[in-house]
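K.L.:
This is a predicted model, with the sequence first.
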Amino acid sequence: MSAQVVTITSGKGGVGKTTAVANIATALAAVGQKVVCIDADIGLRNLDVVMGLENRIVYDLVDIVEGRCRLRQAMIRDRHFQDLYLIPAAQTRDKTAVSPGDMVDLCNELRPEFDWILIDSPAGIERGFRNAIAPADRILLVTNPEVSAVRDADRVIGILEAEEKGSPWLIINRLKPSLVRQNEMLSPEDVLDLLAVPLLGIVPEDEAILIATNRGTPVVLDEKSRAGRAFRNIALRLMGKEVKDEDWDTPESFWSRFWPLKGRK
Amino acid sequence: MGFFRSRKSSAQDAKERLQLVLVHDRTNLPPGALEALKDDLIAAISKYVEIEAQAVHISIERQGRSQRLVADIPLRPRGQRATD
Ligand SMILES: Nc1ncnc2c1ncn2[C@@H]1O[C@H](COP(=O)(O)OP(=O)(O)O)[C@@H](O)[C@H]1O
Ligand SMILES: [Mg+2]
């Protein structure tokens, strides 16, 4: 087994990176994949609370890197799935406590035992972001249909191109279909036309996310939630399966134009 | 009043503003620099051939993630006197 390393980043803060990591990881684990998440947002850790694992933390990412514990000791097992783990970020240190090389070494040590390593990137384009993308085989870019989030996403795409990391796959989060219908929100077509990268999925604005986050149980475990379904579809697409989203008033031709996984084996 | 009726939707506004801002972000060419570039270009070309300076049009076109600088420079017919 050799895990794929997938980093979730965005440029702008608060667009839904941590929510995406927790949900994609949980959805992958739910279909039997072995998954470890790494919270690379040192100093502002949150993946632990979104996954509901905050009470189990003893060691963290910086403890591993600085040799205060063994890798296994810092891996927290999820409450719902046997084969889902979290490596939490340190809360009392800053991004410089870890280097891009440390992240590459850590992932190389984890690769043989997992199918997926998901890395939650901090906002911005500085050291923490560099740490998060260093070991990535694939980068997922989260944005919202809103001017500043799209502009920052474009900057990140430019940096990834310059670093020869390839095109990231886009997740458009917090879409409000009713606002798009009234022409008061950028449509997925608009965002894709502007950013010109492949689309991995669209996640609607959904109150169920707030409720799920309150409880520390990712929304993908809520069968009825629309955002949960969207994240389950995203996880399946990452695995190379073709799945169509529920219809956000998007014509058939839209999906065939932007399908990133189309034509891949 | 036509003012409200003719107002663009905010999504259209957002898209058009982003189109401009992304082109300048990607090329690191601020909007003002494009005007200066146009003046320099007119001066340089005028050394070789007479052009219709007022009709020169310069723009950045976007195709996917690449940008190209497009200049439309009408040449003045031979023997015709400058009108400007
Ligand atoms: N699709 C969505 N619908 C409603 N709320 C959302 C959605 N996605 C994210 N949120 C909320 O937005 C906030 C920021 O999300 P978070 O994942 O912490 O962003 P980031 O990690 O990019 O800073 C959180 O309060 C989260 O619950
Ligand atoms: Mg976060």
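P.N.:
Yep, it's here. Ligands and ions are numbered 1, 2, ... in the order given.
K.L.:
Could you check stretch A:57-71 and say which residues are buried?
P.N.:
A:57, A:59-65 (16 or more other CB atoms under 10 Å in any protein chain shown). To be clear about C-beta, it is placed using only N, CA and C from the backbone, and glycine gets the same treatment.
K.L.:
Closest one of the residues you listed to ligand 2?
P.N.:
Within these, the smallest distance to ligand 2 is 14.4 Å, found for A:Leu61 (CB to the ion).
K.L.:
So the closest one sits against A:Gln91, correct?
P.N.:
No - with contact defined as CB atoms under 8 Å, A:Leu61 does not count as touching A:Gln91 (10.4 Å).
K.L.:
What mean pLDDT does stretch A:196-214 get?
P.N.:
Mean pLDDT, stretch A:196-214: 97.
K.L.:
Quick one: end-to-end distance for that stretch.
P.N.:
35 Å (CA to CA, to the nearest Å).
K.L.:
Can you list the buried residues in it?
P.N.:
For stretch A:196-214, a neighbour-count test (16+ other CB under 10 Å) marks A:196-197, A:199-206, A:209, A:212-213 as buried.
K.L.:
which SSE is the nearest residue to B:Leu29 once chain neighbours are set aside in?
P.N.:
Take B:Leu29 and drop its neighbours on the chain: the residue closest to it by CB to CB, 6 or more residues apart in numbering or on different chains is B:Ile60, 7.4 Å away. Using DSSP states H and E, B:Ile60 maps to strand B:57-63.
K.L.:
Show me what that strand is packed up against.
P.N.:
Counting by 3 or more CB pairs under 8 Å, 6 or more residues apart in numbering or on different chains; DSSP states H and E, the packing neighbours recorded for strand B:57-63 are helix B:10-27, helix B:31-46, strand B:66-72.
K.L.:
one step back: tabulate the buried residues of stretch A:57-71 (JSON lines), appending distance to ligand 1.
P.N.:
Below are the buried residues of stretch A:57-71 laid out as JSON lines (distance: CB to the nearest ligand atom, whole Å):
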{"residue": "A:Ile57", "distance to ligand 1": "18"}
{"residue": "A:Tyr59", "distance to ligand 1": "22"}
{"residue": "A:Asp60", "distance to ligand 1": "18"}
{"residue": "A:Leu61", "distance to ligand 1": "16"}
{"residue": "A:Val62", "distance to ligand 1": "19"}
{"residue": "A:Asp63", "distance to ligand 1": "22"}
{"residue": "A:Ile64", "distance to ligand 1": "22"}
{"residue": "A:Val65", "distance to ligand 1": "22"}
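K.L.:
from those, which ones fall inside helices?
P.N.:
Among those, DSSP state H puts A:61-65 in helices.
K.L.:
give me the subset of the buried residues of stretch A:196-214 touching ligand 1.
P.N.:
A:203, A:205-206, A:209, A:213 (CB under 6 Å from any ligand atom).
K.L.:
any idea how far A:Leu194 is from the nearest residue to A:Lys224 once chain neighbours are set aside?
P.N.:
Of all residues not flanking A:Lys224 in the chain, A:Ala208 sits nearest, at 7.9 Å (CB to CB, 6+ apart). Separation of A:Ala208 from A:Leu194 (CB to CB, to the nearest Å): 29 Å.
K.L.:
on that earlier part again, could I get the buried residues of stretch A:57-71 as CSV with distance to A:Glu161?
P.N.:
Output for the buried residues of stretch A:57-71, formatted as CSV (distance: CB to CB, whole Å):
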residue, distance to A:Glu161
A:Ile57, 36
A:Tyr59, 36
A:Asp60, 32
A:Leu61, 28
A:Val62, 31
A:Asp63, 35
A:Ile64, 31
A:Val65, 29
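K.L.:
Among those, find me the one that's closest to chain B.
P.N.:
Lowest distance from chain B to the buried residues of stretch A:57-71 (CB to the nearest CB) belongs to A:Leu61, with 32.3 Å.
K.L.:
contacting residues for the closest one?
P.N.:
For A:Leu61, the contact set (CB atoms under 8 Å, 6 or more residues apart in numbering or on different chains) comprises A:38-40, A:42, A:74, A:87-90, A:98, A:106.
K.L.:
What is the least confident helix or strand in chain B?
P.N.:
Ranked by mean pLDDT, DSSP states H and E, the helix or strand of chain B with the weakest confidence is helix B:2-5, at a mean of 52.
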